[in-house]
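K.L.:
I would like the atomic coordinates for the input below:
(chains A and B)
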There are 2 protein chains.
Amino acid sequence: MKFVVDQQVKDIEMPENLKLNTFLQEFHSDCPHPECSFGFYGFAFGQSPFPVPKLIQDALVKNACKGAYAPISGIPELRDAISKYNKHYFGMDVSTERIHVGPGTKELIFNLLEVLHGTVILPTPAWLGYLPQIRYLKKNYHMLPTRSNKKISPTSLKKLALRLHDRQKILILNNPNNPTGLLYNKLELEEISDVCREQNITVISDEIYAQTTYDFSKFVSMGKIYPEGTFVTNGLSKSHAAGGYRLGYVIFPQDTADLSTQFKKILATEYTAVSTPIQHAAVAGFEISKEMEEYFEVTRSIHQIMGEYTYDGLSSIKGVTATKPDATFYLLADFNYYAADLEKSKILTSQKLSESLIIHPYHTAIVGGDSLVLERTDFSARIAYVDYDGSKVYQNYLDNKPKSNSEKTAFVEHNAPKVVAGIEMIKTFFDNIQTTFVRDLQSQKNSMMTPN
Amino acid sequence: MKFVVDQQVKDIEMPENLKLNTFLQEFHSDCPHPECSFGFYGFAFGQSPFPVPKLIQDALVKNACKGAYAPISGIPELRDAISKYNKHYFGMDVSTERIHVGPGTKELIFNLLEVLHGTVILPTPAWLGYLPQIRYLKKNYHMLPTRSNKKISPTSLKKLALRLHDRQKILILNNPNNPTGLLYNKLELEEISDVCREQNITVISDEIYAQTTYDFSKFVSMGKIYPEGTFVTNGLSKSHAAGGYRLGYVIFPQDTADLSTQFKKILATEYTAVSTPIQHAAVAGFEISKEMEEYFEVTRSIHQIMGEYTYDGLSSIKGVTATKPDATFYLLADFNYYAADLEKSKILTSQKLSESLIIHPYHTAIVGGDSLVLERTDFSARIAYVDYDGSKVYQNYLDNKPKSNSEKTAFVEHNAPKVVAGIEMIKTFFDNIQTTFVRDLQSQKNSMMTPN
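P.N.:
Numbers count the residues shown, from 1 in each chain, chains lettered A, B, ... in the order given. Below you'll find the predicted structure:
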């Protein structure tokens, strides 16, 4: 039987991170090179390497018996814990009615884009999940390229907004930012919010990395600066290392009871509610406790140490620049210095660069610029620094906290040898690209990048 | 700030079951009648009353540590277990590539309606979840009222299909059926599939109640009769009493690799994957085991005993007829005999009937015909017979299995007093409706039925 597929579905692409992950899972077990069994240096997949906090695991164990459907927007205990969590960590007073729980912030952002009429403003570079959603929902959208500091320029935002005639405009703000690792400070948020107020721009502030901010006192939520117009999303996936649990939440702006009712219709129509045992487990993750506080502090510190090492390592490669991360486990590296050399090897796009880096003998997985909604010819890439055994490293950190710079370097060398070697490999690749063509590598590729 | 809501969202209604549930949760704790603290006789909410099987709970406990993202369509172990489950119980050979796991069959049906272009044919009465999805997705759709036997007539299906000019037509078949509790036998499915083949109709066969079929040998999957054109959905929610876990699966028709690729894009764009620990727990629920076999047999038997009691009880009320359930924990009762009497009390729609039954002194929650996609003036209602303590009743059944009819009656009277009393209350209501007006009840209502 032949099936007719909806055109909107045909028109979207698989989100790049999942496409890449599928590819890497296959590649890992089978390098096409006949004499090689090495997998890859994993700078591509954005997943926290740490174990799910014991507290959360214990709560899941205790609530395995909970088989009944949960209320649409979440169980009251969880919405209450999220409210208190926001008060404690982010200084926000959020009543539980403004909180809705969903199966991951990805789904919640999708649901917000469903319920909110209007044109989307997407600053670039951007996380690889937004664009397929925007396209699938056939929303009007405009890119907003960031400036040389890789942050939104209020002036550019205003200029763009003035050109848009939609009654409602929706800015997707990702702070701290994936892929740059950069944090917007209070002043920057205030200047953006001034434009938003003036131009009637609604903000979806994806703050999933908030709790990973290295100097946590510096994190400010857009929900605090622009409470009447901001939807804040956050969840368990990054700071709690439980992406696989699938639980996120959204905080609605003040005075949006009617909108909440509309939103709940979507949740009820599409998925009923989030898994009940998972919701109970999440309560433990959002309740204020010494254990969670230690977990946040330790994981933040390790991310910072790895980030600084990676930043220094990449910056030391001739011609390479990078964003210096304030949070997350990513930075954005800029390899455009090698554009002419890459061209000689017929590497004309960031996609080709990613493909050339992954194959033998380089085995280095990165997320190329085209997946970050940059120009196809922009040789920038997202580098994630999480390719190490999180459980072991967590314990090693507790046993012996590195203080000085040399201790930190030794810590990375001891605990994350693949991060160290991977950076070396990137250097080797660009050394080679300057001196030899890499045509022979190109021929290996075949249909390797076709996701199944 | 004023937000502009998407018109499609405004146009849909909250699915009736969840609206009702929200209402009942509030009502339960606060009957507006000053001298009453009684909750309600719960014939409305379709949730299995039994505990989640121990085996599944244990598997969830063991996998609480699994914080990593799962593959889009499900972990291999689970897809493998589902394949074997279908072989063992339903006699179907389904390769794992044809299986996709989602956060509940509701979401998967929604995703199928997203990916499949075409006009939807919705037989009525219908489960309350389909129509909001169809409307929200702006699909063309046509009702297909069932005949007096409450089943799809192949002749009517053919007539309707001939009128539709869409390249692809999608029939939603719900077998065993919610709300009627009826099972389509093999011959009936063959006759429907003949029309589907001839008219190029794709079938979404929602078989979430398959495993609850009282005489299980009688269940036949549409996936077996019409393997080239049927998407079968099933999951943990009903037969495994784990609706709150949120896990379902869909089996794609034969030879649909391309379509699977399109489908995976939707899953990846909207929700990434199902909760990893929940997937591992589900493996235990789909693996063939003595424990699960006993669980299915016991819960089926109890549903059957409760169903027969409820059927007999309602049928004994003068003028009331009902479907005699073969599966599920529902039947469809027909109160149209009382139409004229109801009219005298200004009860002109099934919605009003539900409202009149829930208020003091009746306290009886049913799902009225309008929520089942019947005419607003059709005084039919879905009666769920699950208002009892499932854990206790499960144990009591094991301790002393009722055999004779009188033992079964005694079993219900002892174990499900609210089911017994609730049926009595329905009888009382219709006795009263014949003899007195119920205007005084109407005045109590106020805004009680407004969901928050």
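K.L.:
residue boundaries of the strands in chain A?
P.N.:
Along chain A, counting by DSSP state E, strands occupy A:41-42, A:99-102, A:119-124, A:141-145, A:169-174, A:201-206, A:230-235, A:248-251, A:321-322, A:330-334, A:364-365, A:367-368, A:380-384.
K.L.:
So is the last one next to chain B?
P.N.:
What it means is strand A:380-384. No - shown here: strand A:380-384 not in contact with chain B (CB under 8 Å from any CB of the partner chain), separated by at least 13.5 Å. Every residue, glycine included, has its C-beta placed from N, CA and C.
K.L.:
List the neighbouring strands of that strand plus their orientation.
P.N.:
Using DSSP bridges, the strands paired with strand A:380-384 are strand A:330-334 (antiparallel), strand A:367-368 (antiparallel).
K.L.:
swap in the fifth one?
P.N.:
Strand A:169-174 sits in its sheet next to strand A:119-124 (parallel), strand A:201-206 (parallel), going by DSSP bridges.
K.L.:
average pLDDT for it?
P.N.:
For strand A:169-174, mean pLDDT rounds to 98.
K.L.:
The first one now?
P.N.:
Here the mean pLDDT over strand A:41-42 is 92, rounded to a whole number.
K.L.:
residue contacts, the nearest residue to residue A:190 once chain neighbours are set aside?
P.N.:
In space, and not counting its chain neighbours, residue A:190 is closest to residue A:225: 5.8 Å by CB to CB, 6 or more residues apart in numbering or on different chains. By CB atoms under 8 Å, 6 or more residues apart in numbering or on different chains, the residues touching residue A:225 are A:186, A:189, A:190, A:193.
K.L.:
pLDDT at the residue of the stretch 251-400 of chain A found nearest chain B, what is it?
P.N.:
As assessed by CB to the nearest CB, chain B sits closest to residue A:276 within the stretch 251-400 of chain A, at 3.5 Å. At residue A:276, the model reports a pLDDT of 98.
K.L.:
wait, what's in contact with it?
P.N.:
A:63, A:66, A:67, A:68, A:69, A:70, A:75, B:244, B:245, B:246.
K.L.:
And the helices in the stretch 51-200 of chain A?
P.N.:
Along the stretch 51-200 of chain A, the segments classed as helices by DSSP state H, counting those that start in this stretch run A:54-62, A:76-90, A:105-115, A:130-136, A:154-163, A:186-199.
K.L.:
closest to residue B:410 out of the ones you listed?
P.N.:
helix A:54-62 (37.2 Å; CB to CB).
K.L.:
Check whether that closest one comes into contact with chain B.
P.N.:
Yes - applying CB under 8 Å from any CB, one finds helix A:54-62 touching chain B at A:57, A:58, A:60, A:61.
K.L.:
for that helix, packing partners?
P.N.:
The helices and strands touching helix A:54-62, judged by 3 or more CB pairs under 8 Å, 6 or more residues apart in numbering or on different chains; DSSP states H and E, are helix A:276-286, helix A:290-315, helix B:54-62.
K.L.:
could I get the ones you listed as CSV with distance to residue B:107?
P.N.:
Shown next, in CSV, are these (distance: least, CB to CB, whole Å):
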stretch, distance to residue B:107
helix A:276-286, 15
helix A:290-315, 30
helix B:54-62, 20
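K.L.:
show me the residues around the residue nearest to residue A:193 when sequence neighbours are not counted that make contact.
P.N.:
With sequence-adjacent residues excluded and distances taken as CB to CB, 6+ apart, residue A:193 is closest to residue A:226, at 3.9 Å. Contact analysis of residue A:226 by CB under 8 Å, 6+ apart lists A:189, A:193, A:196, A:197, A:203.
K.L.:
out of these, which are buried?
P.N.:
A:189, A:193, A:196, A:203 (16 or more other CB atoms under 10 Å in any protein chain shown).
K.L.:
For the first one, which residues are in contact?
P.N.:
Okay, so that is residue A:189. Residue A:189 neighbours (CB under 8 Å, 6+ apart): A:175, A:220, A:222, A:225, A:226.
K.L.:
The second one contacts residue A:188, doesn't it?
P.N.:
No - judged on CB atoms under 8 Å, residue A:220 makes no contact with residue A:188 at a distance of 9.3 Å.
K.L.:
So which of the two has more stuff around it?
P.N.:
Comparing residue A:220 with residue A:188 by other CB atoms under 10 Å in any protein chain shown, the one with more neighbours is residue A:220, at 22 against 19.
K.L.:
Could you check how far the closest residue to that one other than its chain neighbours is from residue A:173?
P.N.:
Nearest non-adjacent residue to residue A:220, counting by CB to CB, 6+ apart: residue A:186, 4.6 Å away. If you measure residue A:186 against residue A:173 using CB to CB, to the nearest Å, the figure is 14 Å.
K.L.:
the more surrounded of those two?
P.N.:
Ranked by neighbour count (other CB under 10 Å), residue A:186 and residue A:173 place residue A:173 first, with 23 against 12.
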